[in-house]
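S.K.: Fold the following and give me the result.
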Amino acid sequence: MAKRRASFVCQNCGTTHSKWTGRCDACGAWNSLVEESASGGGALGGPSKGASIQGRAVTLSSLDHVEKPLPRLATGIAELDRVTGGGFVRGSALLVGGDPGIGKSTLLMQVAAGLAGRSARVVYISGEEALGQVRLRAERLGVSQRPVHIASETNLEDILATLDAGDVPDLVVLDSIQTLWSSSVDSAPGTVTQVRSCAQQMIRYAKRTGACVILVGHVTKDGQIAGPRVVEHMVDAVLYFEGDRTHHFRILRGVKNRFGATDEIGVFEMTGGGLQEVGNPSELFLGDRLVETPGSVVFAGLEGTRPILVEIQALVAPSALGTPRRAVVGWDSNRLAMVLAVLEARCGVRFSGHDVYLAVAGGLRLTEPAADLAVAGALVASLTGLSLPASQVYFGEIGLSGAIRSAPQAVLRMKEAARLGFEEAVTAPLAKERDANTGLRLNAHTRLESLVADLAASAAAQKTQGAGAGRDAVPLQAAQ
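M.R.: All right, here's what the predicted structure looks like:
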């Protein structure tokens, strides 16, 4: 009889340890190691030591073999099709993550109902809700009459047997992967071993049959999909459903896609009848903008291939604390510290005695470095009490030397701003042959010092004209 082996697996990162310790050596999490055993000939441990394995020969093919690709499953939801690259690829596996209550099940129910209305065979299996609860959601969304096959089950073997018993479905939705368990794995549902094993078997089913499988994953407090990261490497696409439950809109972001572009986003609005598409996100993010407000700047961003204009708000206030506060919402706090350091070291703008608050209006989270220039403009404008022109947009990356670098797809950003009525772009210089095609005036700066000097002059002019009544402008010493 094969000797029983025991290992301890971290439930946070999936690292295997030979013995129990209080802290995981890989991720540093405390009390996250759980004992998981595997017999010598079991499903987890594989064959016993010394046993011979007789493999089978696989068919080899050449590179010049032309195989006609299968058509994609277009969901009919334009924002979702944009993120996936034109629809679901047959035989692919997708992982969808998001905070509890953000709308993952609502979105997938609308997707399932939409495909079922186009004569596709759709199976929706819920491991968290009873059939009555699934039907209540369908009635609320107005899709209860669609021919979607539903079930409430958590045993993976029963699910696979049910899928193999009928016709091959076009789409299979499993909500969620953390609730599934396999009888071949000696571990509790939701553990790293169960999640990895169940995901692997469902991906094998998708590749074997050509059905598209969507796995719903829970997220941790840090916003990452719970379970081992190897699951994200196994699937073909990873989609994050983001947003604040206090706001009415949601953002679907693609962070991995083997069949399309990454970093694409889709914008939805949560209503009483479900999720509605937002065809023009820029108008949504700028809808409640107050012009002539100190510290408010419009940033021309780019999410994937889509240009999006969003408002960045900054508030710089005198601090009575020994260590001033730095609060950021929707942007990287380390990036803010870098911009503040460049402003102080290169431009002579002092923030050491002020609290700094920065927020991206609307709840959108920005990740691209091109937001540096907009953040710097908002900080200086708030410090001086300057109301920037409502017709300006900012974008550009700031180097540690104070140089302003151009952003990718600058012409595309400027054309989107011109379409929404903006007249001037503050950014790095562009190629002269392209400037005439943007539709905006170009206010080009090669260094941050020149921009700060212009903002300081504008603030002094506004103070002289009485535009900043009630608040004295703070003089700036711009390094020349």
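S.K.: ranges for the helices of the chain?
M.R.: Ranges of helices within the chain are 78-84, 104-116, 131-141, 156-165, 192-209, 230-234, 281-285, 333-347, 372-384, 410-419, 432-435, 448-465, based on DSSP state H.
S.K.: quick one: Ala428 and Leu412, what's the gap?
M.R.: The gap separating Ala428 from Leu412 is 15 Å, by CB to CB, to the nearest Å. Placement of C-beta: from N, CA and C, glycine included.
S.K.: Which one's more surrounded, these two?
M.R.: Between Ala428 and Leu412, counted using other CB atoms under 10 Å, the more crowded position is Ala428 (21 against 15).
S.K.: what about the closest residue to that one other than its chain neighbours, how many residues close to it?
M.R.: Computed as CB to CB, 6 or more residues apart in numbering, the closest residue to Ala428 that is not its neighbour in sequence is Ser406, at 4.1 Å. Residues lying near Ser406 (other CB under 10 Å) number 15.
S.K.: Just send the helices of the chain back as JSON lines, with mean pLDDT too.
M.R.: JSON lines is the format used below for the helices of the chain (pLDDT from 0 to 100):
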{"stretch": "helix 78-84", "mean pLDDT": "92"}
{"stretch": "helix 104-116", "mean pLDDT": "94"}
{"stretch": "helix 131-141", "mean pLDDT": "94"}
{"stretch": "helix 156-165", "mean pLDDT": "95"}
{"stretch": "helix 192-209", "mean pLDDT": "92"}
{"stretch": "helix 230-234", "mean pLDDT": "85"}
{"stretch": "helix 281-285", "mean pLDDT": "80"}
{"stretch": "helix 333-347", "mean pLDDT": "95"}
{"stretch": "helix 372-384", "mean pLDDT": "96"}
{"stretch": "helix 410-419", "mean pLDDT": "91"}
{"stretch": "helix 432-435", "mean pLDDT": "53"}
{"stretch": "helix 448-465", "mean pLDDT": "90"}
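S.K.: Can you say which of those is packed in most?
M.R.: Among those, helix 372-384 has the highest mean neighbour count (mean count of other CB atoms under 10 Å), at a mean of 26.
S.K.: ok, and what's touching stretch 124-140?
M.R.: For stretch 124-140, contacts defined as CB atoms under 8 Å, 6 or more residues apart in numbering pick out 105-106, 108-109, 112-113, 144, 146, 148-154, 159, 172-176, 179-180, 272-274.
S.K.: let's go with 7 Å and repeat that
M.R.: Applying CB atoms under 7 Å, 6 or more residues apart in numbering, the external contacts of stretch 124-140 come out as 105-106, 109, 112, 144, 148-154, 159, 173-176, 179-180.
S.K.: would you put the C-alpha positions of that stretch in PDB?
M.R.: Extracted C-alpha coordinates of stretch 124-140, given in PDB (Å, rounded to 0.1, in the frame of the first residue of the first chain):
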ATOM      1  CA  TYR A 124     -26.900  28.100 -16.000                       C
ATOM      2  CA  ILE A 125     -25.800  26.200 -12.800                       C
ATOM      3  CA  SER A 126     -25.900  28.000  -9.500                       C
ATOM      4  CA  GLY A 127     -24.100  26.700  -6.500                       C
ATOM      5  CA  GLU A 128     -25.100  29.600  -4.200                       C
ATOM      6  CA  GLU A 129     -28.800  30.100  -4.900                       C
ATOM      7  CA  ALA A 130     -31.800  27.900  -5.100                       C
ATOM      8  CA  LEU A 131     -33.800  27.500  -8.300                       C
ATOM      9  CA  GLY A 132     -36.500  29.800  -6.900                       C
ATOM     10  CA  GLN A 133     -34.000  32.500  -6.300                       C
ATOM     11  CA  VAL A 134     -32.600  32.200  -9.800                       C
ATOM     12  CA  ARG A 135     -36.200  32.400 -11.200                       C
ATOM     13  CA  LEU A 136     -36.900  35.500  -9.100                       C
ATOM     14  CA  ARG A 137     -33.900  37.300 -10.700                       C
ATOM     15  CA  ALA A 138     -35.000  36.300 -14.100                       C
ATOM     16  CA  GLU A 139     -38.500  37.700 -13.500                       C
ATOM     17  CA  ARG A 140     -37.000  41.000 -12.200                       C
END
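S.K.: which stretches of the stretch 151-300 of the chain have low pLDDT?
M.R.: 220-228, 245-246 (pLDDT under 70).
S.K.: Now the spatially closest residue to Ser197 that is not a sequence neighbour, what are its backbone angles?
M.R.: Leaving aside its chain neighbours, Ser197 sits nearest to Val185 (4.9 Å; criterion: CB to CB, 6+ apart). For Val185, the backbone dihedrals are phi -110, psi 130 (criterion: degrees, to the nearest 10).
S.K.: Gln194 is in contact with Val185, correct?
M.R.: Yes. Using CB atoms under 7 Å, Val185 is in contact with Gln194, at 5.5 Å.
S.K.: Just the buried residues from the contacts of stretch 124-140, in PyMOL please.
M.R.: In PyMOL syntax, the buried subset of the contacts of stretch 124-140 is picked out as below (16 or more other CB atoms under 10 Å):
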select buried, resi 105+106+109+112+148+149+150+154+159+173+174+175+176+179+180
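S.K.: contacting residues around Phe395?
M.R.: Contacts of Phe395 (CB under 7 Å, 6+ apart): Phe299, Ala300, Ala370, Leu373, Ala374, Ala407, Arg413, Thr427.
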